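**Student:** coords below, sequence missing:
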Ligand code: PEP
Ligand code: MN
């Protein structure tokens, strides 16, 4: 529920109104905006009568939000959320953030070397999985803590903030200590207990990937879980969904970019690597995403994709990664952004 306050309202009247509403068990917070004075109510608003609120002299109008998500809702927060990651800003009209790196950290030297190449190409953050969600229990499961520490060294050498996937709540403290953006993978998008723990135990930005069979509203509700539990630093990441099409690994749903921007105020990043599953398709998917208004790209890069321990078929070599960034920069200009 959104309450718009009259321009010259008496401050004490507003205070009393909010105090009375909070007595009914809802939380009221002021919504930032330059031209308005607005309060959003979260929690169970079913017992609140909007006509009774409207009767207050200080109230301009009251709107009940139909969507189940409140904190993620654009109506509650008209301005774009911009997330600061070690000084790099993601969202709003800020530069489009390019994140590159291997699917999995395979050894320390490899990830440090790739970090240098990602940086030289124009990438501003490093990705690398240390805990890997693999379909087969016999496949490489990731270097785990050793992989995290290799990412930390790569950050020390290059200054690039690091992004890595967290799979279980027992590793939150490790990620809180070492990782700059905590990735929640497609398979865990609806692991609600994990989402709640993330909200409670960290304020690090969360890159929340869309589940492969989830609707946009389900995805936003997952963001809402994290936000309602205390961490509002959520970045949404589209990584392709499952459809009948078998030519590509997944189907990249680019329409989510304007839809997410309309429904929410959160930044949106596109993962063209998992969306297509084929390195040859990564560039065109990336350029299309930039043209459609994404806030960032997360791309798998590997020096020797033929020998990669995971997702080699969709990894770009550093030279191709650089060529992609150079083209994306031109497209970004058309939509009023930079890279
Ligand atoms: C990954 O980023 O390597 C990954 C496993 O992603 P997703 O959860 O999108 O499959
Ligand atoms: Mn991968």
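**Tutor:** Yep, that arrived. Keep in mind that this is a model prediction, so the values were computed, not measured. Ligands and ions are numbered 1, 2, ... in the order given.
**Student:** in its sheet, what does the lowest-mean-pLDDT helix or strand in the chain sit against?
**Tutor:** One helix or strand of the chain scores below all others by mean pLDDT, DSSP states H and E: strand 27-31, with a mean of 86. Strand pairing for strand 27-31, determined by DSSP bridges: strand 38-42 (antiparallel).
**Student:** please compute how far the partner strand lies from its chain's middle.
**Tutor:** Using Cα atoms, centre = their mean, to the nearest Å, the mean C-alpha position of strand 38-42 is found 23 Å from that of the whole chain.
**Student:** hmm, back to that, give the buried residues for the least confident helix or strand of the chain.
**Tutor:** Applying a neighbour-count criterion of 16 or more other Cβ atoms under 10 Å, one finds 28, 31 buried in strand 27-31. Using the backbone N, CA and C atoms, a C-beta is placed for each residue, glycine as well.
**Student:** burial of residue 60, as a residue count?
**Tutor:** 14 (other Cβ atoms under 10 Å).
**Student:** who are the packing partners of the helix or strand harbouring it?
**Tutor:** If you go by DSSP states H and E, residue 60 is part of strand 59-63. Judged by 3 or more Cβ pairs under 8 Å, 6 or more residues apart in numbering; DSSP states H and E, strand 59-63 is in contact with strand 2-5, helix 50-54.
**Student:** ranges for the strands of the stretch 1-150 of the chain?
**Tutor:** 2-5, 27-31, 38-42, 59-63, 83-85, 88-90, 97-101, 125-127 (DSSP state E, counting those that start in this stretch).
**Student:** what residues does the stretch 201-339 of the chain have near ligand 2?
**Tutor:** Proximity of the stretch 201-339 of the chain to ligand 2 (Cβ under 5 Å from the ion) is limited to residues residue 311.
**Student:** and the helices in the stretch 201-339 of the chain?
**Tutor:** Assigned by DSSP state H, counting those that start in this stretch, the helices in the stretch 201-339 of the chain fall at 216-228, 256-263, 272-276, 279-291, 318-334.
**Student:** hey, which of those helices is tucked in deepest?
**Tutor:** Ranked by average neighbour count under the criterion mean count of other Cβ atoms under 10 Å, the helices of the stretch 201-339 of the chain are headed by helix 272-276 at a mean of 27.
**Student:** ok, back up a step: closest to ligand 1 out of the strands of the stretch 1-150 of the chain?
**Tutor:** Closest to ligand 1 of the strands of the stretch 1-150 of the chain, according to Cβ to the nearest ligand atom: strand 125-127, at 7.0 Å.
**Student:** just want the residue of the chain that's nearest ligand 2.
**Tutor:** residue 103 (3.3 Å; Cβ to the ion).
**Student:** what is the burial count for the residue lying closest to that residue once chain neighbours are set aside?
**Tutor:** Residue nearest to residue 103 in three dimensions, not counting chain neighbours: residue 311, with 3.8 Å by Cβ to Cβ, 6 or more residues apart in numbering. Close neighbours of residue 311, defined as other Cβ under 10 Å, add up to 20.
**Student:** would you confirm that residue 205 contacts residue 179?
**Tutor:** No: counting by Cβ atoms under 8 Å, residue 205 does not reach residue 179; the two are 9.7 Å apart.
**Student:** for the residue of the chain found nearest ligand 1, what are phi and psi?
**Tutor:** Nearest residue of the chain to ligand 1: residue 185, at 2.9 Å (Cβ to the nearest ligand atom). Taking degrees, to the nearest 10, you get phi -80, psi 170 for the backbone angles of residue 185.
**Student:** from what I see, it and residue 168 are in contact.
**Tutor:** No: using Cβ under 8 Å, residue 185 makes no contact with residue 168, being 11.4 Å away.
**Student:** more neighbours: which of these two?
**Tutor:** The neighbour comparison of residue 185 against residue 168 (other Cβ under 10 Å) goes to residue 185, with 21 against 12.
**Student:** what sits against the residue most central in space within the chain?
**Tutor:** Centre of the chain computed as the mean C-alpha position; nearest residue by Cα atoms, centre = their mean is residue 235, 1.6 Å away. By Cβ atoms under 8 Å, 6 or more residues apart in numbering, the contact set of residue 235 is 83, 90-91, 181, 205-208, 266-269, 295-296.
**Student:** thought residue 149 was touching residue 174?
**Tutor:** No: between residue 149 and residue 174 no contact is recorded; they are 9.8 Å apart, counting by Cβ under 8 Å.
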